[in-house]
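# build me a structure from this.
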Amino acid sequence: MTISQLPLINALLNSLSAIFIFAGWCFIKSRHPRAHACCMITAFITSCFFLSCYLIYHFNIPGHHVAFTATGWPRLIYFFILFTHLPLALAVVPLVIMTFIPALQKRFDRHKKIARWTLPIWLYVSVTGVLVYLMLYVLFPQA
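Down below sits the predicted model:
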């Protein structure tokens with residue numbers, strides 16, 4: 001594996017995170033707390049791997065920046081996704097931790113209150129991370 005493969009790996013890890021987040025949400029809605037916990041822990045681990053790979057990539061290629069060169073609607077959509085993704089990606093890290101701690105302490109009333117905010121943000125960040133990758137590297141790659 002090379003550093004240049006990390007964006008694809010990051011997209012795959014984000015995809016897995018999104019799948020596990022969504023499955024965990026479905027399980028808790030259908031009153032399967034054990035399956036919910038397994039999915040959410042797996043999503044957390046997958047997200048930690050993503051964050052590690054993301055940081056490795058950006059620390060090893062300092063100043064590297066892939067320009068989005070498409071024009072028109074694709075450019076507007078890309079930057080809308082990117083500019084909503086970035087602040088939420090920063091916010092989701094402490095939110096996930098603040099959601100996991102009460103769950104681990106079995107304080108499910110507090111966990112549920114925070115999770116109502118955390119889950120949709122975490123899911124949005126995971127999905128939009130994949131969309132950013134697809135738009136940059138697959139749908140509108142640099143010439």
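# would you map the helices across the protein?
6-29, 33-60, 73-104, 108-133 (DSSP state H).
# output those as TSV; include the columns mean pLDDT.
Shown next, in TSV, are the helices of the chain (pLDDT from 0 to 100):
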stretch	mean pLDDT
helix 6-29	98
helix 33-60	96
helix 73-104	98
helix 108-133	98
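# could you export those as TSV, including distance to residue 141 and mean neighbour count?
Glycine gets a C-beta too; all of them are placed from N, C-alpha and C. What follows is those, written out as TSV (distance: least, Cβ to Cβ, whole Å; neighbours: other Cβ atoms under 10 Å):
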stretch	distance to residue 141	mean neighbour count
helix 6-29	11	19
helix 33-60	17	16
helix 73-104	12	15
helix 108-133	11	18
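# can you list these in CSV and add distance to residue 139?
Shown next, in CSV, are the helices of the chain (distance: least, Cβ to Cβ, whole Å):
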stretch, distance to residue 139
helix 6-29, 12
helix 33-60, 20
helix 73-104, 7
helix 108-133, 9
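# mind checking which of these is nearest residue 66?
Comparison of these against residue 66 by Cβ to Cβ identifies helix 6-29 as nearest, at 8.1 Å.
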